[in-house]
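Colleague: Here's my sequence, what's the structure:
(chains A and B)
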Amino acid sequence: MAGRARFDFIHFMHYVHLPENQKDYPSLWVDFPNKYFDPEKGYSLYQRYLSELVLADKLGFDAIVVNEHHNTAYSMMPAPNLIAATLIPQVRNAKICVWGTPPNLEYPNRLAEEYAMLDVLSQGRLEVAFPLGTGMEYWANPINPSTARARYRESIDIILQAWTQDGPTKYYGDFYTYRYLNPWPRPVQKPHPPCYIVGTGSPETIDLAAQLGFGYASVFVTKPRARELNEKLRRTAAEHGHHIRPEQLPLQVITYVAETEQKAREEGIDHIRYFFEDALRTTPTFLAPPGYLSVEQLKMRAALADKLHGKFNFDAVNESFFVAVGTADQVVEQLEQWGEQMGTNHFVMLAAPGNMPNWKVVKNLNLIAQDVIPRVRVGTAYERRIAAE
Amino acid sequence: MPAQPIPAQFTRETHTINGVKTVVLTAGKGEPLVFLHGAGIWHGINFTLPWVEKFRVIVPFHPGFAESGDDPAMNDVQDYVMHYLDLFDALGIAKTRLVGFSLGGWLAAKFAVSHGDRVERLVLVAPAGLRGKERPQGDVLSLPPEQIPSLLVSNFDVIKPYLPENPKDLDFMGERYREGGTLARLLWEHPYDTKLPRYLHRLTMPTLLVWGEDDKLLSLKTAELWRQHLPKAEFKTFKGAGHLVLDEKREAVDAVTRFLS
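Modeller: A predicted model of the protein is given here:
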């Protein structure tokens, strides 16, 4: 069975210095005025966030994860490959995960090149994800949301062709024509760096991961839904002749560990609230530009959004999503249980949620590294059971 | 639906045009008058009733709108021009009076530019399609759907009966989202046609330009742009009317009737 449990640290690099009147804005995405970005504060935040990612490597996390968003205080990483390149000389052991640049937002050959550069620079430590990109990215970039899925599919084809076939090759597609697809450099890892699809559970995206035998990570879906999606991926991938290994199903968990449960809640909840109430705040129109979703998905999500509407309630969030806030013992137990339910041994620790200050992030990472990781790494309950069978 | 948008005089026929289900409403007798609707027809076609007394009024639903089917491969305004060429052949319409409103005005102009022999007389009602300097320019894709209805009219009571009581009515939202997707396929990259002005001189048939003076989507400045390219066209504006000038002003409908008679 698959090896020991894997722990990643994901950072969203929120811009947290919001104006007093930020709640007057229905969205911190797409049209939130960029006059509120202060480059001096941005510099300090970059320094701090990079140091947290480097710390995770020193503490023995298996991977650090960065991602891409545009026009938003949610993220200071519109170009995550720049962050990855900055980190490579400082992050000596951990894998570097760019999860990732939406292929639609770059020329596919260029994305293949940039990822190959990172793989070579890191001596084969790169992992990538291909997100379709949130609806918000399509308001910020000059790409048609109504053809997003078709273009995305074509981009992935081109990238895989660039990585797996000796160039020069040709590609004549609906969106791109390549007369000489021949990118330098090529990745160290063969046939190419491990690939994942990250999504919110659209059926089209799961099918694509299944066809390609890629890993899949669902984000911002409820626990039962996430479990269904993992099961669906394993089943559909098998139909395509792919066996999905547990480590291909990264499970993102909002985590905060402290000495007591009460202390963990006192120190952690406000920042998780900020994450849901502020960082993620946007409008239905920005979430779903025209043609981006099927009508069925739109109606399903609109109905759900109505249900979730209202004030932040930690217990409700805790119930719906993968949130582990408590003592190390409690967090270990939660992770083992979820690992078993989700059929995974790959945990992505969202350990710097919202506007959490540096000292709490450092404390959290240390406690996770000392008291959680070694115990889960002995093997998840799921793995022990499989091994026994 | 809160109100029945299709008057009883109309009969409904379904055609398959190049594989796309196309629903066509027809009423009245006489010479054909084809009306090409805008980027949504949920506000009904009651305003066409005075035309029905004089003409055979034909209202096709565009692919991707209302009762017609979807075809994701139709991703260019030119595909709609070809669709109407096929539909006119299927309906046996050799030559017609053509009235186009908003997106339908753009379609009508683009159709008439290359198929002038099929167009007897042309009426463009607050047509979209030209790029001016002013903003907004009828770029409905940039507007939250819930804000659109009030921007369509001068007097909100005119369209209120056609809107659901619950602003979060899922079926209504879903239908508008579907039509928004159709629109995005056509004009996400450019909510205007940069080539159209180059060929507007080909509109040599008698042409009428109609505009509501309170149009909040395409202002009178856009009308001026059309007039520059169509110096011979008649031009009529109506006070107290917004973008949906035909729905709001019977005088506008009558002006079209007179022009087409």
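Colleague: Which positions in the strand or helix carrying A:Asp157 come out as buried?
Modeller: Taking DSSP states H and E as the definition, A:Asp157 sits inside helix A:148-164. In terms of neighbour count (16 or more other CB atoms under 10 Å in any protein chain shown), helix A:148-164 has its buried residues at A:148-149, A:151-163. In short, each C-beta sits where N, CA and C put it, glycine included.
Colleague: Packing partners of it?
Modeller: Applying 3 or more CB pairs under 8 Å, 6 or more residues apart in numbering or on different chains; DSSP states H and E, we find helix A:148-164 packed against helix A:108-121, strand A:169-172, strand A:177-181, helix A:203-212.
Colleague: all helices of the stretch 51-200 of chain B, in order?
Modeller: In the stretch 51-200 of chain B, the helices defined using DSSP state H, counting those that start in this stretch lie at B:77-91, B:103-114, B:148-152, B:170-187, B:196-199.
Colleague: List the contacts of the fourth one.
Modeller: Applying CB atoms under 8 Å, 6 or more residues apart in numbering or on different chains, the contact partners of helix B:170-187 are A:144-147, A:288-293, A:295, A:298-299, A:302-303, B:39-40, B:42, B:62-66, B:70, B:72, B:74-77, B:80, B:103, B:140-141, B:145, B:163-164.
Colleague: Return stretch B:100-112 as PDB; C-alpha atoms alone will do.
Modeller: Taking Å, rounded to 0.1, in the frame of the first residue of the first chain, the C-alpha atoms of stretch B:100-112 are listed here in PDB:
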ATOM      1  CA  GLY B 100     -34.300  44.200 -35.200                       C
ATOM      2  CA  PHE B 101     -34.100  45.400 -31.600                       C
ATOM      3  CA  SER B 102     -30.900  45.700 -29.600                       C
ATOM      4  CA  LEU B 103     -28.900  42.500 -30.300                       C
ATOM      5  CA  GLY B 104     -31.500  41.800 -32.900                       C
ATOM      6  CA  GLY B 105     -30.800  45.200 -34.500                       C
ATOM      7  CA  TRP B 106     -27.100  44.200 -34.700                       C
ATOM      8  CA  LEU B 107     -28.100  40.900 -36.300                       C
ATOM      9  CA  ALA B 108     -30.500  42.700 -38.700                       C
ATOM     10  CA  ALA B 109     -27.900  45.200 -39.800                       C
ATOM     11  CA  LYS B 110     -25.300  42.500 -40.300                       C
ATOM     12  CA  PHE B 111     -27.800  40.400 -42.200                       C
ATOM     13  CA  ALA B 112     -28.900  43.200 -44.400                       C
END
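Colleague: neighbouring contacts of it?
Modeller: For stretch B:100-112, contacts defined as CB under 8 Å, 6+ apart pick out B:35-39, B:62, B:77-78, B:80-81, B:84-85, B:98-99, B:118-119, B:122-129, B:138, B:183, B:193, B:196, B:200, B:202-203, B:205, B:217-218, B:243, B:246.
Colleague: and the closest residue to B:Gly38 other than its chain neighbours, how far is that from chain A?
Modeller: Once flanking residues are discounted, B:Gly38 sits nearest to B:Ser102: 3.3 Å by CB to CB, 6 or more residues apart in numbering or on different chains. As for B:Ser102, its distance to chain A is 16 Å (criterion: CB to the nearest CB, to the nearest Å).
Colleague: and residue 99, what are its bridge partners?
Modeller: I'll assume chain A. A:Ala129 (DSSP bridges).
Colleague: look at chain B instead
Modeller: Beta bridges link B:Val99 to B:Phe35, B:Val123, judged by DSSP bridges.
Colleague: any idea of the mean pLDDT for stretch A:31-40?
Modeller: Stretch A:31-40 shows a mean pLDDT of 98.
Colleague: next one: stretch A:295-307
Modeller: The average pLDDT for stretch A:295-307 rounds to 82.
Colleague: list the contacts for residue 129?
Modeller: Using chain A. So A:Ala129 contacts A:Asn67, A:Cys97, A:Val98, A:Trp99, A:Gly100, A:Cys195, A:Tyr196, A:Ile197, A:Val198, A:Gly215, A:Ala217 (CB under 8 Å, 6+ apart).
Colleague: ah, I was thinking of chain B
Modeller: B:Val77, B:Gly105, B:Trp106, B:Ala109, B:Lys110, B:Tyr192, B:Asp193, B:Leu196.
Colleague: returning to that earlier point: and the helix holding A:Asp157, how far out from the chain's middle?
Modeller: On the basis of CA atoms, centre = their mean, to the nearest Å, helix A:148-164 sits 20 Å off its chain's mean C-alpha point.
Colleague: what bits of the stretch 101-250 of chain B have low per-residue confidence?
Modeller: Along the stretch 101-250 of chain B, segments meeting pLDDT under 70 span B:135-136.
Colleague: Quick check: residues of it near chain A?
Modeller: B:141, B:144-145, B:168, B:170-171, B:173-175, B:177-178, B:180-185, B:188-189 (CB under 8 Å from any CB of the partner chain).
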